[in-house]
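# I'll drop the sequence and a predicted model, then ask my questions.
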Amino acid sequence: MLVLLVVLTLPACSGAASPPPATADRNTPHTGAAAPTADPATAAAAGPLLRAAAGGDGDSWRDTTGREYRLGLVNTPEVAECYGSQATARRKELVAAGFRALVYAKDRYGRAVSLVTTADGTDLNVSLARDGYANDRYLEQYRHENPGLAKELDGAFAAAKRERAGLWAACPEAGR
């Protein structure tokens, strides 16, 4: 007769599993607290699908409940500025089917500073940066609020500038 012995390794006597190690990723809020998950795209996609209300611009808008969102670490021109109407139209197009927001800070106006994904999972912050609809005006100043997102945006902005995408070609002041 063959006997199979199975040995289970259990955590320390507390009966609770030890917490995963804290990591600094793009979900880490400005408080420096560890993010709840190591996969930001999954975390953002796990939230409720929200609907954008009419109005707003390329980097800030309200949902249909009245909560105001601000894209973290990117800046789009105001509607009346060079490339502002294009940035606003593109943001509206991308969130038309809904969006999910992973809020990691509040700005001085009380807006929910967020990593936003579209209904199909596209990272809106990175997409607008990569396609030249946003500039890096606030990236260095607020990099500490979300270092993982900042690192992704570094590559997106570098590519957009190198390829002279969107506002980097259309707006002479963008390169300053």
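Structure's in. What do you need?
# from now on I want contacts and neighbour counts done on CA atoms only, so please keep to that.
Will do.
# residues contacting the spatially most central residue of the chain?
When the chain is reduced to its mean C-alpha position, the closest residue under C-alpha atoms, centre = their mean turns out to be Leu115, at 2.1 Å. By C-alpha atoms under 8 Å, 6 or more residues apart in numbering, Leu115 lies in contact with Ala44, Leu71, Gly72, Ala101, Leu102, Val103, Tyr104, Asp123, Leu124, Asn125.
# next helix or strand past whichever strand or helix holds it?
Using DSSP states H and E, Leu115 maps to strand 112-118. The helix or strand immediately downstream of strand 112-118 is helix 124-130, counting by DSSP H and E.
# elements contacting that next one?
helix 84-95, strand 112-118, helix 147-162 (3 or more C-alpha pairs under 8 Å, 6 or more residues apart in numbering; DSSP states H and E).
# same list, those, but as CSV with distance to Leu139 and mean pLDDT please.
Output for these, formatted as CSV (distance: least, C-alpha to C-alpha, whole Å; pLDDT from 0 to 100):
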stretch, distance to Leu139, mean pLDDT
helix 84-95, 18, 98
strand 112-118, 13, 97
helix 147-162, 7, 97
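# do you know how far the residue nearest to the centre of the chain is from Gly98?
Using C-alpha to C-alpha, to the nearest Å, Leu115 is found at 14 Å from Gly98.
# between the contacts of Leu115, which has the most around it?
Gly72 (30 neighbours; other C-alpha atoms under 10 Å).
# isn't that residue up against Leu124?
No. Using C-alpha atoms under 8 Å, Gly72 is not in contact with Leu124, being 10.0 Å away.
# and the closest residue in space to Ser114 that isn't next to it in sequence, which of the three is it?
The shortest distance from Ser114 to any non-neighbouring residue, by C-alpha to C-alpha, 6 or more residues apart in numbering, is to Val103 (4.2 Å). What DSSP: H, G, I helix; E, B strand; the rest coil gives for Val103 is strand.
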